[in-house]
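Colleague: Fold the following, please.
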Amino acid sequence: MLGVLATGAAMTLSLPRAAQADDFVTLPSGIKVLTIREGEGATPQPGDTVEVHWAGFTKGYQGKRIDNTSVRDEPYEFKLGSGQAIKAFEIAVSNMKAGGIVRVEVPGELPDLAYPLDRSQRFTGELISQDLKIYKYRYGPQPAELGGQRALDFVLDNTTLRPFNRTLLFDIKLLAVRKQR
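Modeller: Numbers count the residues shown, from 1 in each chain. As a prediction, this is how the structure comes out:
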């Protein structure tokens, strides 16, 4: 948040402090979470349907954007605890309140918390876009554009990369929690 300080006739802008590595909290699972904004709404429980905006990036290899749903205003929706989303999303969202925003770092050394390295486990085999050859991921969130899927798949499939180069970053905003009926 940009602050403005008024001192007499002159105004001074104060920029926010950049996040530091030790601002992240490492959860027992091994993912690192930085709370950007605390939510004030409901905390989701297993079985609840959640709606999130997310932006994802490869961290360790070239910082490529995977996707950003807020640009298209197409939130990602999944049932918490159902295995529809990668484990890092499940863990992060289960610790949030509606309206909250977190940055999640999924260390490449913990591939079980992200997308499977094994392509037969990562994809369902179904094409979701014939012309662009975008394959459906078994676990969400699904990159919507070919460039995002290619960046993510390159990092996951490249056997010459060390695990730290497979680290992923996600910014997640919990938009809504629909309680299980």
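
Colleague: Where do the strands of this protein begin and end?
Modeller: 3-7, 10-14, 25-26, 32-37, 49-58, 65-68, 76-79, 101-106, 123-129, 134-137, 168-178 (DSSP state E).

Colleague: what angle do the helix of greatest length in the chain and strand 123-129 make?
Modeller: The residue-count maximum for a helix in the chain (DSSP state H) belongs to helix 146-157. Helix 146-157 and strand 123-129 are oriented at 160 degrees to each other (axes from the mean of the first three to the mean of the last three CA atoms, to 10 degrees).

Colleague: out of the strands of the chain, which comes closest to Leu146?
Modeller: Nearest to Leu146, of all the strands of the chain, is strand 134-137, at 5.7 Å by CB to CB. Every C-beta, even on glycine, is put in place using the N, C-alpha and C of the backbone.

Colleague: Would you mind writing the CA trace of that closest one as CSV?
Modeller: The C-alpha trace of strand 134-137 is given here as CSV (Å, rounded to 0.1, in the frame of the first residue of the first chain):
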residue,chain,number,x,y,z
ILE,A,134,-3.6,-27.7,-24.5
TYR,A,135,-4.1,-30.9,-22.4
LYS,A,136,-6.3,-31.1,-19.3
TYR,A,137,-4.4,-31.3,-16.1
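
Colleague: List the pairing partners of that strand within its sheet, with orientation.
Modeller: strand 123-129 (antiparallel) (DSSP bridges).

Colleague: Please enumerate residues in contact with the strand it pairs with?
Modeller: Residues outside strand 123-129 that contact it (CB atoms under 8 Å, 6 or more residues apart in numbering): Lys133, Ile134, Tyr135, Lys136, Tyr137, Arg138, Gln142, Leu146.

Colleague: between the residues you listed, which is closest to Ala55?
Modeller: For the contacts of strand 123-129, the residue nearest Ala55 by CB to CB is Gln142; the value is 13.9 Å.
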